[in-house]
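A.B. asks: Mind folding the following:
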Amino acid sequence: MTMITGFFFLLFKPMLFLILKKLFKKQMKAWIVSALEWLALQTDNDIDDAIVKRVKGAMQLGVV
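C.D. replies: Got it, this is the predicted structure:
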């Protein structure tokens with residue numbers, strides 16, 4: 001029974017991850033941007049702010 005379960009897991013795992021990636025793509029992008037903004041607020045340098053600005057700009061253009 002364990003061999004069959006392992007086989008099905010290996011067979012369906014790539015499809016499951018593709019489905020999850022499609023469903024949660026926008027939510028993950030929003031979470032990453034909010035995490036970057038929070039990290040940029042924790043430090044006081046311009047490099048973090050520039051990185052957050054570039055990532056937000058790329059996401060609005062649809063590059064990322």
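A.B. asks: mind checking the SS state of the residue positioned nearest the centre of the chain?
C.D. replies: Closest residue to the average C-alpha location of the chain: residue 28 at 4.2 Å, with CA atoms, centre = their mean. Classification of residue 28 using DSSP: H, G, I helix; E, B strand; the rest coil returns helix.
A.B. asks: Could you check how far it is from residue 20?
C.D. replies: To residue 20, residue 28 is 10 Å away according to CB to CB, to the nearest Å. In this view, the C-beta of every residue, glycine as well, is placed from N, C-alpha and C.
A.B. asks: In stretch 35-55, which of the residues would be classed as buried?
C.D. replies: 36, 40, 48, 52, 55 (16 or more other CB atoms under 10 Å).
A.B. asks: Make TSV out of those residues and add distance to residue 24 and secondary structure.
C.D. replies: Converted to TSV, the buried residues of stretch 35-55 look like this (distance: CB to CB, whole Å; DSSP: H, G, I helix; E, B strand; the rest coil):
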residue	distance to residue 24	secondary structure
36	18	helix
40	24	helix
48	25	helix
52	21	helix
55	18	helix
